[in-house]
Every structure is written in structure tokens, then in C-alpha cells.
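Undergrad: Give me coordinates for this.
(chains A and B)
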Amino acid sequence: AQSVTQLGSHVSVSEGALVLLRCNYSSSVPPYLFWYVQYPNQGLQLLLKYTSAATLVKGINGFEAEFKKSETSFHLTKPSAHMSDAAEYFCAVIIKAAGNKLTFGGGTRVLVKP
Amino acid sequence: GAGVSQSPRYKVAKRGQDVALRCDPISGHVSLFWYQQALGQGPEFLTYFQNEAQLDKSGLPSDRFFAERPEGSVSTLKIQRTQQEDSAVYLCASSLAATGSSGNTIYFGEGSWLTVV
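TA: Sure, this is the predicted structure:
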């Protein structure tokens, strides 16, 4: 069973426009949730994480995400896209009952148009 | 070191050749993970170590894949008799915590890019 689903494998936004990347999880117990970014030929860098504190989480580079239990979602947003935001973004979960490992979504590649 | 270090960064192997990929986690990190990332896909879990103990190897795709962490620090992922479908980026990650109950941050290395020809 898929634990985390990212809607849209590719997203194209104009520079200065809102970035919205969607992530939904499937778990009967709220998991720990993460967003990672991967630049070309590089490893994964943590943007932000939700660990059952505040539902609105602020991360690096102006990104934030909101945990919505009723919608089982953890969508990532940034008010104004920058050219340097072009990368691949991965949503990931740790299901508390399933051990310590991160389970990743399929990723969303963001293209920023000038 | 300051981050998770992996070597080699790039490896081209002939089909049937054995390869060994090394991971040097962040100093003092208890947990170590290996992931496989195929082109255009999200990372897939391979195996997990807590110190030197391999607590979860459920993601290893076949018995050709073997991982070890004998002294609880450096880890090696070995792939025997490589096949073309083994071509992927192999990511190593580490975290300070022994369990995921605190949602501890998991830090990733830059990966070892394996191409089997």
C-alpha cells in the first residue's frame, strides 16, 4: 500500500508565482512528515518536517507546509518562486508503527519559467 | 565529518562484476540507512542499521545485495554479480536517534551513481 502520494510528477511555475506541491499520506495514526529537495546530481536536503507540534511548519528557503489531519495532507507552498527553486521535491513519511525508515513519494519536478 | 560521505560518487560496472559502495555517516549517528533511487523515481528503502546491528533488511531486492556496518560507523553496501537493473543512485543516510519515535532528522549523502553496462 502506498504510504505517501504526490500529485503531479511535474509542475511549471513562473518566477514570482506561488509554488504549491501536493502530498497526501495514508496512515491511521498521524505520521511524521517531511519534505526534501534534490538538486541535479546531488543528495537530498531537508526542507522541513512535521513532528506533531505546530501544524504549520516553516522551513528553509521560504517554504512552508501545513499538516491537515482531516485531509491527510501535507502540501508544500512558497509564495514567490525563484529560479533557484528548480529542483525535484520529495514528500516522505515515517509511520511510527513501521519502524524508523522514511518512505518517499514519487517526487515532483519543479520548473521555474522566467 | 560534517556530513554523510559516500564513495565512489560514480561507478561503472560490467554486468556480472561485484561492486562495493562505502558510506561514512555523521560522527556519532546511531542510525544508518541505505536507499536505492532509480532514474525518475523516489528513493526506495533497502536496509537499516542501529549501530552495528542490521535491524531491517526488508528492502534488499535479492540475495545479491549485502550490507554491513561492523563497527557501528562506516557501512558498506555490496552488490554481487551486478545486473543492468541494479543501475541506480544508492543513497546513504544517518540520524542521531536510535528510533524514529522522535521524528529525528535523517541526513542524506550525495549518493553513489552506479551504472551497469
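Undergrad: Surely A:Val112 touches A:Glu15?
TA: Yes. With contact defined as C-beta atoms under 8 Å, A:Val112 counts as touching A:Glu15 (5.6 Å). Placement of C-beta: from N, CA and C, glycine included.
Undergrad: ranges for the helices of chain B?
TA: Assigned helices in chain B: none (criterion: DSSP state H).
Undergrad: Leaving out the residues flanking it, which one is nearest to the residue nearest the centre of it?
TA: Among the residues of chain B, the one closest to the centroid is B:Trp34, at 2.9 Å (C-alpha atoms, centre = their mean). If the residues on either side of it in the chain are set aside, B:Trp34 comes closest to B:Leu46, at 4.2 Å by C-beta to C-beta, 6 or more residues apart in numbering or on different chains.
Undergrad: Neighbours of B:Gly40, how many?
TA: 10 (other C-beta atoms under 10 Å in any protein chain shown).
Undergrad: In contact with the closest residue to B:Pro43 other than its chain neighbours, which residues?
TA: Closest residue in space to B:Pro43, ignoring its immediate chain neighbours: B:Tyr35 at 3.9 Å, by C-beta to C-beta, 6+ apart. The contact partners of B:Tyr35, by C-beta atoms under 8 Å, 6 or more residues apart in numbering or on different chains, come to B:43-46, B:90-93, B:108.
Undergrad: What is the nearest of those to B:Ala13?
TA: B:Tyr90 (12.1 Å; C-beta to C-beta).
Undergrad: contacting residues for that closest one?
TA: B:6, B:21, B:34-37, B:46, B:77, B:111-112, B:114.
Undergrad: Of these, just say which sits nearest to chain A.
TA: Chain A lies nearest to B:Gly111 out of the contacts of B:Tyr90, by C-beta to the nearest C-beta, at 5.4 Å.
Undergrad: How about the contacts made by that closest one?
TA: By C-beta under 8 Å, 6+ apart, the neighbours of B:Gly111 are A:43, B:6, B:9, B:37, B:89-92.
Undergrad: out of everything not next to it in sequence, what's closest to it?
TA: Nearest residue to B:Gly111, sequence neighbours excluded (C-beta to C-beta, 6+ apart): B:Val89, at 4.2 Å.
Undergrad: Enumerate every residue touching the one you found.
TA: So B:Val89 contacts B:36-37, B:111-114 (C-beta under 8 Å, 6+ apart).
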